[in-house]
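[1] Have a look at this fold, sequence not included:
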């Protein structure tokens, strides 16, 4: 069964500290992996996707097929990074999106 | 501004009633997906429509149904409402389907409360 797990409901770090949001998945095949972010009072929006290999707002995520993980990392957290982060996967046709339960990141001053 | 709009923003219904939620996709987007997000959980995929045909479905009973119209607006219909249907319902559109189009643009959602 397709599944996405995010073990931390809440992650608090101080401004300037490194941050890593964990994501593990189970999927029979080659999924596409995404990170979506929801800032306060805003809609859910795409942060990054593994196939584009981009760094967005300083965030990167590496797909590790051996460990079935897609952790989100940023070397120096900023207060404006405080938000809800969802890891998600889909098949190659953009169907059957599966979202994780989300991690709330709180960056403290 | 993503251009995906949903109506209404809030709705209260009684158990057993039927409800219709509406979504207007971003211009040119011919794929729309609907999600249910219960409190404290991630969105759960209900179904997807592509060019007015259902193109994929999650683990939801048949009383959840949908329509997509030629102008790319869409509806989510839920019959025989149950208390557990209380959730935020999200609509998301994308310009096609396939590996090039898997980014979804989300609306703000409709908060449905079933009493």
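    Perfect, thanks for sending it. These numbers were taken from a predicted model, which means no experiment stands behind them. Numbers count the residues shown, from 1 in each chain, chains lettered A, B, ... in the order given.

[2] which residues of chain B fall in strands?
    For chain B, the strands defined by DSSP state E occupy B:5-7, B:10-13, B:19-24, B:31-37, B:44-50, B:53-57, B:64-68, B:73-78, B:87-94, B:105-106, B:110-114.

[3] Pick the most deeply packed of the ones you listed.
    When you average the neighbours per residue for each of the strands of chain B (mean count of other Cβ atoms under 10 Å in any protein chain shown), strand B:31-37 leads with a mean of 26. All C-beta atoms are positioned from the backbone trio N, CA, C, and that covers glycine.

[4] May I see the buried residues of the least confident helix or strand in chain A by mean pLDDT?
    For chain A, using mean pLDDT, DSSP states H and E, the weakest element among its helices and strands is strand A:45-49, scoring a mean of 90. By neighbour count on 16 or more other Cβ atoms under 10 Å in any protein chain shown, the buried set for strand A:45-49 is A:46, A:47, A:48, A:49.

[5] neighbouring contacts of it?
    The contact list for strand A:45-49, computed with Cβ atoms under 8 Å, 6 or more residues apart in numbering or on different chains, reads A:32-38, A:54-57, A:59-61, A:72, A:85, B:2, B:102-106.

[6] Next: stretch B:58-72.
    A:96, B:24-25, B:27-30, B:32, B:34, B:36, B:44-47, B:49-54, B:74-80, B:93.
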